[in-house]
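[1] Okay, sequence plus prediction incoming.
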Protein chains: 2
Amino acid sequence: MRSMDLESYIEHSADQVDRIIDRYFGGGGTDLARASAHLLLAGGKRLRPTVALLSAEAVRKGGSDSAVQAAIALELTHNFTLIHDDIMDGDRLRRGVPTVHAKWDEPTAILAGDVLFARAFEFITLSGAPDPAKVRAVSMLARTCAELCEGQHMDMSFEKRDDVNEYEYLEMVRKKTGVLYAASAGIGAIIAGGAPVYADSLYHYGLAIGTAFQIQDDLIDLLAPVEKSGKDRASDLREGKKTLISIKAREKGIDLAPYQRNLSDSEIDDVVALLERGGVIREVREIADDLVRSAKERLSILPDSEEKTLLLAIGDYFVSRGT
Amino acid sequence: MRSMDLESYIEHSADQVDRIIDRYFGGGGTDLARASAHLLLAGGKRLRPTVALLSAEAVRKGGSDSAVQAAIALELTHNFTLIHDDIMDGDRLRRGVPTVHAKWDEPTAILAGDVLFARAFEFITLSGAPDPAKVRAVSMLARTCAELCEGQHMDMSFEKRDDVNEYEYLEMVRKKTGVLYAASAGIGAIIAGGAPVYADSLYHYGLAIGTAFQIQDDLIDLLAPVEKSGKDRASDLREGKKTLISIKAREKGIDLAPYQRNLSDSEIDDVVALLERGGVIREVREIADDLVRSAKERLSILPDSEEKTLLLAIGDYFVSRGT
């Protein structure tokens, strides 16, 4: 399957999700309801609902659209974490719009996130699935949300430490990013009535691609030209952020401290060359590629289908995009 | 039933809840886990789980303890809202211990609240009830949490307004305090397999007693001596807080602005006399009493039982305590 096909599918799926989000959250309402909907209505790739919908279809052929509501629950959960994370990180802009606490205030942003958190669970109950499936999905979502909080807390605590190792970093990424992709795939399968062994495989597929996604983000920050990433190049380096790249560099005795400043493009190229000589870039890529390889292996037990092919392609897309 | 019997029951029920909370949350763990458990382990009357347990027993005789986990979910939800509200309100002390954001920091407190929020839903799924009951309980809890957020947001927005009327104030109290007692009673009945008409009656019972509880809190603040309330007397008056008392006073042309300062006990007595002459205290008491009367009427369809008697007594206790 060509990558263009996948990108068309993602766009189509995002349109479907956007329509439902607009129907439920586009109507205004109270000030708090508008604050809750603000970021949600600002768009996004809707990758988590897409993974949920594909997982649902991959385990159940010719089914109803009972998974759509559950898929929305994952997007609501994602947006709840973004609103709260933006407060903690002091970020003022996201998706090209002011963040909720920047446009309203911190108390409203805390509550707006809480509202989406609650709505996520409500959307699981609104799906057309049988009750036992809904209960399993609620349980998985609840445990996932607690892990997401742990991941964000680890990420913040890492800022104060200089000795974070590769293992700790990967555990943080698994919790902060991996588990929500895991829940997306797992809940999609559960809601569609997939066999537990399928749901379990899809959960681990999601965990691995979600973790790889974040590692690829670190690579994009360093390697992708501004035109491609839409972001400042090497901002992680400038801010001295802990990434798999900086951790591996430190472990290899490469000192990145001199590069914690505004860098010209040619200076960034020099750092990249330094990291390439030290084998850092190659090793980081290998970790991401290994994760995607193991993710794809998890899907081998699924019957062949167009959706399975797209899930495999998403794995490749997650580690090829941007660089 | 004498009031002492009810208080003994509440203490017994709180002990039972404390034991389970200690088992699940007393074990330490990560820094974030400890922050999540901090307020929960600091005690509290556990009134919401008590209402949930009594409601479960009132609709199902000689049952299992399947409602205990769900009852804990209500206490977790309550503590989640306290942690987030304390951030918004800038409160540094609660239950005699520093609040979570005071002891840790605001980002950790946001996450600690989020963790309890997630755990609340997990506890519903852990209960021994059949899956359809769990799904109904999750749905009720999710809608309740969204309403709690609306209530807190209304409360904050009232601080900036001078024209809040009685109707708006009661709607705020219903959302901020009433709905969680409603969900406690309703979820208790649902988890115990009570008929929908019982669950609905208990929901409305909880809504009314919860609202009355908050109105009584306003009366206690003004009328109870420090020895009895354990709090500064007339702090609402000093801070110019909107309460049913201050709103009614304004509507009757009684100007409380001169009392927005530290007051001696005899000055407070003067204000009370002024409010009594204007009929304010009596009318506020009547609203609380009417709520409790309607709450008790809701229970008339339940079969007689010791638990029903205790639920009736809780209604009376909510508007007699403290003054």
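    Alright, I've got the coordinates.

[2] What number of residues are in the vicinity of A:Gln16?
    A count of nearby residues for A:Gln16, using other C-beta atoms under 10 Å in any protein chain shown, gives 17. In this view, the C-beta of every residue, glycine as well, is placed from N, C-alpha and C.

[3] Ok, A:Ala273 next?
    Neighbours of A:Ala273 using other C-beta under 10 Å come to 11.

[4] Which element, helix or strand, includes it?
    Take DSSP states H and E as the rule and A:Ala273 turns out to sit in helix A:265-277.

[5] packing partners for that helix?
    With contacts taken as 3 or more C-beta pairs under 8 Å, 6 or more residues apart in numbering or on different chains; DSSP states H and E, helix A:265-277 sits against helix A:196-223, helix A:280-298.

[6] The longest one relative to helix A:265-277, how many degrees between them?
    Taking axes from the mean of the first three to the mean of the last three C-alpha atoms, to 10 degrees, one finds helix A:196-223 and helix A:265-277 inclined to each other by 130 degrees.

[7] tell me what helix A:196-223 is packed against?
    helix A:47-59, helix A:166-173, helix A:179-191, helix A:235-238, helix A:244-251, helix A:265-277, helix A:280-298, helix A:306-320.

[8] repeat that with 6 Å
    Applying 3 or more C-beta pairs under 6 Å, 6 or more residues apart in numbering or on different chains; DSSP states H and E, one finds that helix A:196-223 contacts helix A:179-191, helix A:244-251, helix A:280-298, helix A:306-320.

[9] ditto for the last one
    Using 3+ C-beta pairs under 6 Å, 6+ apart as the contact criterion, the elements in contact with helix A:280-298 are helix A:196-223, helix A:244-251, helix A:306-320.

[10] most tightly surrounded among those?
    helix A:196-223 (a mean of 23; mean count of other C-beta atoms under 10 Å in any protein chain shown).

[11] Next SSE downstream of it?
    Immediately after helix A:196-223, counting by DSSP H and E, sits helix A:226-229.

[12] Contacts for that following helix, please.
    By C-beta atoms under 6 Å, 6 or more residues apart in numbering or on different chains, the residues outside helix A:226-229 that reach it are A:Ile220, A:Arg233, A:Gly322.

[13] How about stretch A:202-210?
    A:55, A:177-178, A:181-182, A:184-186, A:189, A:291, A:294-295, A:298-299, A:315, A:318.

[14] Generate a PyMOL selection restricted to the buried subset of those.
    Those of these that count as buried under 16 or more other C-beta atoms under 10 Å in any protein chain shown are selected in PyMOL with:
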select buried, chain A and resi 55+177+178+181+182+184+185+186+189+291+294+295+298+299+315+318
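
[15] hmm, back to that, so for the helix holding A:Ala273, mean pLDDT?
    Per-residue pLDDT values over helix A:265-277 give a mean of 94.

[16] and that helix with helix A:244-251, angle?
    Note on geometry: by the same axes, to 10 degrees, helix A:265-277 and helix A:244-251 are set 60 degrees apart in direction.

[17] Name the residues of helix A:265-277 that are buried.
    Those would be A:Ile268, A:Val271, A:Val272, A:Leu274, A:Leu275, for helix A:265-277 by 16+ other C-beta under 10 Å.

[18] returning to what we had before: tell me the one of the contacts of helix A:226-229 nearest B:Gly44?
    A:Ile220 (47.7 Å; C-beta to C-beta).

[19] From chain B, how far out is the closest one?
    26 Å (C-beta to the nearest C-beta, to the nearest Å).

[20] do A:Arg23 as well
    17 Å.

[21] Next: A:Leu6.
    32 Å.

[22] What ranges in the stretch 201-323 of chain A fall below the confidence cut-off?
    A:229-230 (pLDDT under 70).

[23] Ok, the stretch 1-150 of chain A next?
    A:1-4, A:61-65.

[24] who wins for proximity to B:Ala33 among the helices and strands packed on helix A:196-223?
    helix A:179-191 (16.3 Å).

[25] for that closest one, packing partners?
    Using 3+ C-beta pairs under 6 Å, 6+ apart as the test, helix A:179-191 ends up in contact with helix A:47-59, helix A:67-89, helix A:131-158, helix A:196-223.

[26] Reformat those as CSV; add distance to A:Ala109.
    As requested, the helices and strands packed on helix A:179-191 are exported to CSV (distance: least, C-beta to C-beta, whole Å):
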stretch, distance to A:Ala109
helix A:47-59, 21
helix A:67-89, 5
helix A:131-158, 15
helix A:196-223, 24
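
[27] for A:Leu256, phi and psi?
    phi -100, psi 0 (degrees, to the nearest 10).

[28] what about it, how many residues close to it?
    For A:Leu256, using other C-beta under 10 Å, the count is 17.

[29] which bits of the stretch 101-250 of chain A sit near chain B?
    For the stretch 101-250 of chain A, the residues in contact with chain B (C-beta under 6 Å from any C-beta of the partner chain) are A:107, A:110-111, A:114-115, A:117-118, A:121-122, A:125, A:131-132, A:134-135, A:138-139, A:142, A:145-146, A:149-150, A:153, A:156.

[30] From these, keep the buried residues only.
    A:107, A:110-111, A:114-115, A:117-118, A:121-122, A:125, A:134-135, A:138-139, A:142, A:145-146, A:149-150, A:153, A:156.

[31] Count the neighbours of the residue nearest to A:Ala42 when sequence neighbours are not counted for me.
    Excluding the flanking residues, the one nearest A:Ala42 by C-beta to C-beta, 6 or more residues apart in numbering or on different chains is A:Arg95, at 4.2 Å. Neighbourhood size, A:Arg95 [other C-beta under 10 Å]: 14.

[32] and if you look at A:Ile287?
    The burial count for A:Ile287: 16, using other C-beta under 10 Å.

[33] Who are the contact partners of A:Gly194?
    By C-beta under 6 Å, 6+ apart, the contact set of A:Gly194 is A:Val59.

[34] Return the distance of it relative to A:Asp270.
    50 Å (C-beta to C-beta, to the nearest Å).

[35] try A:Thr309
    Separation of A:Thr309 from A:Asp270 (C-beta to C-beta) stands at 41 Å.

[36] Just the closest residue of the stretch 151-300 of chain A to chain B, please.
    Nearest to chain B, among the residues of the stretch 151-300 of chain A, is A:His153, at 4.3 Å (C-beta to the nearest C-beta).

[37] pretty sure that residue is touching B:Ile110, no?
    No - with contact taken as C-beta atoms under 6 Å, A:His153 and B:Ile110 are classed as non-touching, separated by 9.9 Å.

[38] Can you list the neighbours in contact with the helix or strand where A:Phe121 lies?
    A:Phe121 belongs to helix A:106-126 when assigned by DSSP H and E. Helix A:106-126 is contacted by residues A:32, A:35-36, A:69-70, A:72-73, A:76-77, A:79-80, A:83-84, A:87, A:100-101, A:134, A:137-138, B:84, B:88, B:117, B:121, B:135, B:138-139, B:142, B:145-146, B:149, B:153, B:156 when judged by C-beta under 6 Å, 6+ apart.

[39] what's the angle from the helix holding A:Ala273 to helix A:280-298?
    70 degrees.

[40] now could you export just the CA positions of helix A:265-277 as CSV?
    Extracted in CSV, the C-alpha atoms of helix A:265-277 (Å, rounded to 0.1, in the frame of the first residue of the first chain):
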residue,chain,number,x,y,z
ASP,A,265,21.2,25.9,10.4
SER,A,266,24.9,25.1,9.7
GLU,A,267,25.6,24.8,13.4
ILE,A,268,22.7,22.3,13.7
ASP,A,269,24.2,20.4,10.8
ASP,A,270,27.4,20.2,12.8
VAL,A,271,25.7,18.7,15.8
VAL,A,272,23.9,16.2,13.6
ALA,A,273,27.2,15.2,12.1
LEU,A,274,28.7,14.8,15.5
LEU,A,275,25.8,12.7,16.7
GLU,A,276,25.9,10.6,13.5
ARG,A,277,29.6,10.0,14.0
